[in-house]
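**Student:** what's the 3D shape of this:
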Amino acid sequence: MSNFRLNKRVARLVRLNDKFTTIDDFSKLESSTKVKMRYRQKFENIIPEHRKYLTYRWSNEKTDTRMTIAVDSFNQSSEKNEVMFMRKTALLQRRRNVIWNETETALLPEHEATNIEEIPVVFFSDLKNLYAIVFTANESILSDVNRLIGGKNIDSTEFELDTNMFSWLYLQYKTKKQQIENYVIKNLNAFTGTIKKDDSADIITGRSDEIINLQATTLHVAMNYPFNSLGMILQQRGSNDLIHFLLDKNYTLVIDTRKTLISEFPKEWIGLDKESAIYVYVYAYLVSYIKWNFQKHQSEFESDFVELRKNLIQEIRENLVTAEQDL
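**Tutor:** Numbering: from 1, shown residues only. Presented below is the predicted three-dimensional model:
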């Protein structure tokens with residue numbers, strides 16, 4: 001059985017196409033697929049046909065369970081929507097670096113030439129779409145899980161967050177509003193950003209107890225350079241619930257599940273189920289909730305952000321004058 005300890009695991013979000021809307025639609029996916037193994041052409045006639053392919057498959061373990069979480073409706077706080085999720089394991093047969101005997105005349109036994117990588121995958125449905133949360137930071141493994149899901153089954157349309165949403169969150173925190181309707185921004189503690197708007201290779205990274213106190217962050221915002229990700233702590237109003245997470249524009253998500261508290265989860269959800277549920281909760285509800293609030297305030301954001309940038313530019317000028325005087 002795979003290890004579903006998800007504390008601070010990097011998660012990637014995959015949206016399936018419109019043929020998949022509920023958890024039951026998982027059954028439409030192939031249970032396994034075969035991928036040709038990489039090897040040098042000169043060995044084409046040496047390798048047995050059945051050894052030329054690697055197998056990717058879904059686990060059949062009995063721990064694959066379905067659960068539901070209730071999340072607030074955006075429009076009516078008394079209304080709850082159910083989100084169903086199911087955890088699976090993708091079993092990826094992967095080639096080892098050494099697959100031949102010493103004379104390169106025969107393949108090593110399969111158990112020596114390949115290994116099985118166990119990748120946690122949580123499927124959830126919001127009754128509109130079916131999503132897969134793939135727990136990996138490795139692009140190659142993500143690509144392999146996507147092959148198992150099936151390229152034709154994945155929604156190929158653009159799936160990216162507006163980077164202005166991160167700037168709006170920074171604005172809310174910096175100007176002491178710290179509000180996202182039912183949530184309070186307790187802290188912003190990490191960011192990545194693009195230094196030149198048209199050059200994604202120029203990346204700056206910052207991490208601090210308070211990134212608003214970093215001069216690098218001040219300059220980044222003053223220059224109107226975009227944030228690609230933000231790390232934050234949110235607290236739900238009227239409760240002790242805290243959510244510690246980092247989110248980027250491509251829906252990559254890291255949650256500190258040990259520090260995160262969501263009191264409305266049933267007490268029996270311990271260990272694996274609770275950790276999976278936290279990721280589902282943030283993806284299915286919280287990220288959408290933040291997007292919805294940003295879109296509601298987008299019209300005033302632009303002018304407010306310009307004012308913030310003016311103030312930051314003045315702050316930088318004053319800091320430079322002070323620095324010059326200290327020379």
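**Student:** can you show me the helices along the stretch 201-327 of the chain?
**Tutor:** 215-222, 272-281, 287-296, 298-325 (DSSP state H, counting those that start in this stretch).
**Student:** equivalent analysis for the stretch 51-200 of the chain, please.
**Tutor:** Secondary structure of the stretch 51-200 of the chain (DSSP H, counting those that start in this stretch): helices at 110-113, 139-149, 163-174.
**Student:** which of those sits most buried?
**Tutor:** Among the helices of the stretch 51-200 of the chain, the stretch with the highest mean neighbour count (mean count of other Cβ atoms under 10 Å) is helix 163-174, at a mean of 21. Placement of C-beta: from N, CA and C, glycine included.
**Student:** against residue 234, how distant is residue 91?
**Tutor:** According to Cβ to Cβ, to the nearest Å, residue 91 stands 35 Å off from residue 234.
**Student:** out of those two, which sits in the more crowded spot?
**Tutor:** residue 234 (23 against 19; other Cβ atoms under 10 Å).
**Student:** per-residue confidence for the nearest residue to residue 229 once chain neighbours are set aside?
**Tutor:** Closest residue to residue 229 apart from its sequence neighbours, by Cβ to Cβ, 6 or more residues apart in numbering: residue 248 at 3.5 Å. pLDDT, residue 248: 96.
**Student:** now do the contacts for residue 248.
**Tutor:** 161, 192, 228-229 (Cβ atoms under 8 Å, 6 or more residues apart in numbering).
**Student:** 10 Å - rerun?
**Tutor:** 160-161, 163, 166, 191-192, 227-231, 254 (Cβ atoms under 10 Å, 6 or more residues apart in numbering).
**Student:** gap between it and residue 153?
**Tutor:** From residue 248 to residue 153 the distance is 24 Å (Cβ to Cβ).
**Student:** next one: residue 82
**Tutor:** According to Cβ to Cβ, residue 82 and residue 153 sit 24 Å apart.
**Student:** out of those two, which sits in the busier spot?
**Tutor:** Neighbours per residue, other Cβ under 10 Å: of residue 82 and residue 153, the larger number sits with residue 153, 19 against 11.
**Student:** setting aside sequence neighbours, what's the nearest residue to that one?
**Tutor:** Nearest one to residue 153, counting by Cβ to Cβ, 6+ apart, is residue 16 at 5.5 Å.
**Student:** that neighbour bridge partners, please.
**Tutor:** In this entry, residue 16 is beta-bridged to residue 154, by DSSP bridges.
**Student:** dump the helices of the stretch 201-327 of the chain into JSON lines; add mean pLDDT as well.
**Tutor:** What follows is the helices of the stretch 201-327 of the chain, written out as JSON lines (pLDDT from 0 to 100):
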{"stretch": "helix 215-222", "mean pLDDT": "93"}
{"stretch": "helix 272-281", "mean pLDDT": "80"}
{"stretch": "helix 287-296", "mean pLDDT": "91"}
{"stretch": "helix 298-325", "mean pLDDT": "92"}
